[in-house]
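Engineer: This is the structure alone, sequence omitted:
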């Protein structure tokens, strides 16, 4: 049985590649390299061979079929599985195919090592084509003859130090960490290699063992500089409940410190890597896995390590920003005119259970460029509205506002004093347009108080009463007041759900008064 080497494609699927083949497998009666070198006499117009085949046509086809560039283009269209299992018909095809395979698949390097029966504890390295060493994969998947952990850890170092092709040919290494014990011998092998031509390192950690093994501190001594290393990918799936979310942080740090020319970093972890030394970084993909514990101020600090003076402001072309307060929480020293110099339109959304709008405004610094401001305020979690008495702070922070869109949810009579103070502060703006939307439920009396306090604002005003669920009995006492106070508005819209008879009655009353009140309600059936 022919020896086989295990390879895995970029998506991690394992396949076997025949390492040796018979001469009959490498050549075919249909493709004779001697015929390709045949040069017909110029005097021969249509020379034929003994079987009557046109020699010129045969030479032309075979010349094309042996052109390395053409073969490379043809083999590129093969599925990786087909490329691995194909029996190539001649040496030329084999050379092109194995080179392409070395570029598209990872060689399971630790599977090349087997325990020999002739020598006690002797390890044999299965020979493979040198081109397959371009991409190496090191994992916990060993030959069945390698059974002890001591032998496995030793082989991980040997993969890097006892295979001559690695130092010259290897361009990518993928290291799957399922046992923490494998980390020290892996880094030791890199140190023994010293400087390499490795361009990309892909490390993923998913510890399966339950041994309480602690990686020794000396494991993370500095690696030799790797000037060719321009790309690093790192993903850790260590158990967050065990309090060990930071245990692999030194593993990524030791690689970042060894890569002075790093341009691409793709990291998924539950910690914030130190990027201070990544002076040439052009692409950063960062995924924080433990989303419930993310600290966005630490994310901001991490990003600040790779900024230069020329890169500030970081969002120099942004003109409009809408941000939910929960998402903004924890980002400090970022929301200001230095980082958003062209910002004109800003919307801040605040819902119940997310603290107060004032607490989120503390994340901002004065911005004189904002001209259109949208605010969503939910009073549900407030006791009497004092928590949302943010008017003066808003005006001081955004002094140039010309357009205001204000949405207030779950308003009751107890919040009216706070709303009056907010509107009094907003009066200092030279507003050109104001749109206010409120939700009241059945408390229609609150509507009149809101309309009164809005009257002090400048600009063209619009009003929306959202999601009403009242009946004609609740609405009727306030119809005259609504008509009176709505006359100062360009538009006045009421939406929600009402019985058909209430809708028709209310619409006819407002139409007769010529007030700008529009009913846009769904009808109960």
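Structural biologist: Nice, thanks for sending it over. Since we're looking at a predicted model, the values are computed, not measured.
Engineer: which ones are touching residue 229?
Structural biologist: Contact analysis of residue 229 by CB atoms under 8 Å, 6 or more residues apart in numbering lists 198-201, 255, 258-259, 261-262. In short, each C-beta sits where N, CA and C put it, glycine included.
Engineer: Dump these into TSV; add distance to residue 107 as well.
Structural biologist: Shown next, in TSV, are the contacts of residue 229 (distance: CB to CB, whole Å):
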residue	distance to residue 107
198	14
199	16
200	15
201	15
255	21
258	23
259	23
261	25
262	24
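Engineer: Take those residues and keep only those in strands.
Structural biologist: The strands, defined by DSSP state E, take in 200-201 from the contacts of residue 229.
Engineer: among the contacts of residue 229, which ones are buried?
Structural biologist: 198, 200-201, 255, 258-259, 262 (16 or more other CB atoms under 10 Å).
Engineer: And the residues you listed, which two are furthest apart?
Structural biologist: 200 and 258 (13.5 Å; CB to CB).
Engineer: Quick one: mean pLDDT over stretch 371-385.
Structural biologist: Mean pLDDT, taken over the full extent of stretch 371-385, equals 77.
Engineer: And stretch 281-296, by the same measure?
Structural biologist: Here the average pLDDT along stretch 281-296 is 82.
Engineer: List the buried residues of it.
Structural biologist: 281, 284, 288-289, 296.
Engineer: Equivalent analysis for stretch 410-423, please.
Structural biologist: For stretch 410-423, by 16+ other CB under 10 Å, it's 410-412, 415-416, 418-423.
Engineer: likewise stretch 142-151?
Structural biologist: Those would be 142-143, 146, 151, for stretch 142-151 by 16+ other CB under 10 Å.
Engineer: Could you do stretch 364-383 as well?
Structural biologist: So, applying 16+ other CB under 10 Å, buried residues of stretch 364-383: 364, 367, 370, 372-379, 382.
Engineer: from the residues you listed, which is closest to residue 158?
Structural biologist: Nearest to residue 158 out of those is residue 364 (CB to CB; 57.5 Å).
Engineer: Contact partners for that closest one?
Structural biologist: Residue 364 neighbours (CB under 8 Å, 6+ apart): 335-336, 397.
Engineer: got it, and residue 280?
Structural biologist: 260-263.
Engineer: hang on, the earlier thing: now, which of the buried residues of stretch 410-423 lie within strands?
Structural biologist: Short answer: the buried residues of stretch 410-423 have none in strands (DSSP E).
Engineer: Adding distance to residue 222 and pLDDT, write those out as CSV.
Structural biologist: Converted to CSV, those look like this (distance: CB to CB, whole Å; pLDDT from 0 to 100):
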residue, distance to residue 222, pLDDT
410, 58, 83
411, 62, 84
412, 64, 82
415, 61, 86
416, 66, 88
418, 59, 88
419, 62, 90
420, 65, 91
421, 60, 91
422, 58, 92
423, 62, 93
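Engineer: Which single one of those residues is nearest to residue 343?
Structural biologist: After measuring the buried residues of stretch 410-423 against residue 343 - CB to CB - the closest member comes out as residue 422, at 22.6 Å.
Engineer: Now that closest one: closest residue in space, sequence neighbours ignored.
Structural biologist: Among residues not flanking residue 422 along the chain, residue 391 sits closest, at 3.9 Å (CB to CB, 6 or more residues apart in numbering).
Engineer: can you map out the helices along the stretch 201-350 of the chain?
Structural biologist: In the stretch 201-350 of the chain, the helices defined using DSSP state H, counting those that start in this stretch lie at 249-257, 296-304, 325-328.
Engineer: distance of the nearest residue to residue 369 once chain neighbours are set aside from residue 358?
Structural biologist: Nearest residue to residue 369, sequence neighbours excluded (CB to CB, 6+ apart): residue 343, at 5.6 Å. Applying CB to CB, to the nearest Å, the value for residue 343 to residue 358 is 21 Å.
Engineer: winner for burial among the helices of the stretch 201-350 of the chain?
Structural biologist: helix 249-257 (a mean of 18; mean count of other CB atoms under 10 Å).
Engineer: For beta bridges, what are the partners of residue 172?
Structural biologist: residue 135, residue 200 (DSSP bridges).
Engineer: List the contacts of it.
Structural biologist: Applying CB under 8 Å, 6+ apart, the residues contacting residue 172 are 106, 134-136, 198-202.
Engineer: and the gap between it and residue 151?
Structural biologist: 26 Å.
Engineer: circling back to that earlier point, for the residue nearest to residue 422, grab the count of nearby residues.
Structural biologist: Residues lying near residue 391 (other CB atoms under 10 Å) number 19.
Engineer: One more: residue 505?
Structural biologist: 15.
Engineer: Next, the buried residues of the helix or strand harbouring it.
Structural biologist: Element membership of residue 505, judged by DSSP states H and E, is helix 500-513. Within helix 500-513, the residues scored as buried using 16+ other CB under 10 Å are 502-503, 506, 509-510, 513.
Engineer: and residue 266, what pLDDT?
Structural biologist: So residue 266 comes in at 93 (pLDDT).
Engineer: Does it touch residue 234 like I think?
Structural biologist: Yes. Between residue 266 and residue 234 there is a contact at 7.3 Å, judged by CB atoms under 8 Å.
Engineer: higher neighbour count, those two?
Structural biologist: Remark: of residue 266 and residue 234, residue 234 carries more neighbours, 22 against 15, as counted by other CB under 10 Å.
Engineer: residue contacts, that one?
Structural biologist: Residue 234 touches 202-204, 251-252, 255, 265-269, counting by CB under 8 Å, 6+ apart.
Engineer: for residue 250, same thing?
Structural biologist: 215, 219-220.
Engineer: Of these, which is the nearest to residue 434?
Structural biologist: When these are compared against residue 434 (criterion: CB to CB), the nearest one is residue 220, at 59.8 Å.
Engineer: Tell me which residues touch that closest one, please.
Structural biologist: 187, 250-251, 253-254.
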